[in-house]
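Peer 1: below: sequence and its predicted model.
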Amino acid sequence: MKKIILVLAAIFSIGVFSASADNDKVINKNQLPAQAQQFINEHFNGVDLSYAKQERDILKKSYEVRLANGVKIEFNEKGVWEEVDCQFGEVPAAVIPVAIKKYVDDNFAGEKVISIERNRYNYEVKLSNRLELKFDKDFNIYDIDD
């Protein structure tokens, strides 16, 4: 009997988590956190917004923005960027930490940073030659993938 109750509770929990994990809502630029709006205005001024959406899961919400030039930007709940993907161009130099920019310039001259992603532990950078560089939070490189 206990096993049946545990199995039913597990199935119910999975259903609740999966149902609540798909709570995306289309929003306009003015509904983004102020810090996200400022980031877009500062680094992509004059580029039209294709769409913005708020993504909710059980513990947090985040934002995804797609610009008319194909750039995708992901922001956390506070509006701090977590990913900038410029698949048809390059990430603005002001977005890239100085130490990472210097490493790329010194070791991969002529290559552009087309994508950068960060979390509290590391940075992942994709170059125009499709190499992926991984840096720790102190900007020390620890992995290169091709």
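Peer 2: Yes, it's here.
Peer 1: I'd assumed Lys126 was in contact with Phe108.
Peer 2: No - under the criterion of CB atoms under 8 Å, Phe108 makes no contact with Lys126, lying 11.5 Å away. (C-beta placed from N, C-alpha, C; glycine too.)
Peer 1: looking at the two, which has the bigger crowd around it?
Peer 2: Comparing Phe108 with Lys126 by other CB atoms under 10 Å, the one with more neighbours is Lys126, at 20 against 17.
Peer 1: how close does the more buried one sit to Asp146?
Peer 2: Lys126 is 11 Å from Asp146, where distance means CB to CB, to the nearest Å.
Peer 1: quick check: neighbours shared by those two?
Peer 2: Common neighbours of Lys126 and Asp146 are listed as Glu132 (criterion: CB atoms under 8 Å, 6 or more residues apart in numbering).
Peer 1: what sits against the residue positioned nearest the centre of the chain?
Peer 2: What sits nearest the mean C-alpha location of the chain, by CA atoms, centre = their mean, is Glu83, with 2.6 Å. Contact analysis of Glu83 by CB under 8 Å, 6+ apart lists Lys72, Ile73, Glu74, Ser115, Ile116, Glu117, Arg118.
Peer 1: state the distance from it to Phe44.
Peer 2: Per CB to CB, Glu83 is found 14 Å from Phe44.
Peer 1: those strands in the protein, which residues are they?
Peer 2: Assigned by DSSP state E, the chain shows strands spanning 23-27, 49-56, 61-67, 72-75, 81-85, 113-118, 122-127, 132-136, 141-145.
Peer 1: if you average pLDDT over each of those, which is lowest?
Peer 2: Lowest mean pLDDT within those: strand 23-27, at a mean of 90.
Peer 1: now do the buried residues in it.
Peer 2: Buried residues in strand 23-27, counting neighbours by 16 or more other CB atoms under 10 Å, are absent.
Peer 1: now for that strand, which elements pack on it?
Peer 2: In terms of contacts (3 or more CB pairs under 8 Å, 6 or more residues apart in numbering; DSSP states H and E), strand 23-27 is packed against strand 49-56.
Peer 1: how far does the strand it packs on sit from the chain's center?
Peer 2: Its chain's C-alpha centre and that of strand 49-56 lie 13 Å apart, by CA atoms, centre = their mean, to the nearest Å.
Peer 1: can you list contacts of that strand?
Peer 2: Here strand 49-56 makes contact (CB under 8 Å, 6+ apart) with 20, 23-29, 31-32, 40, 61-68.
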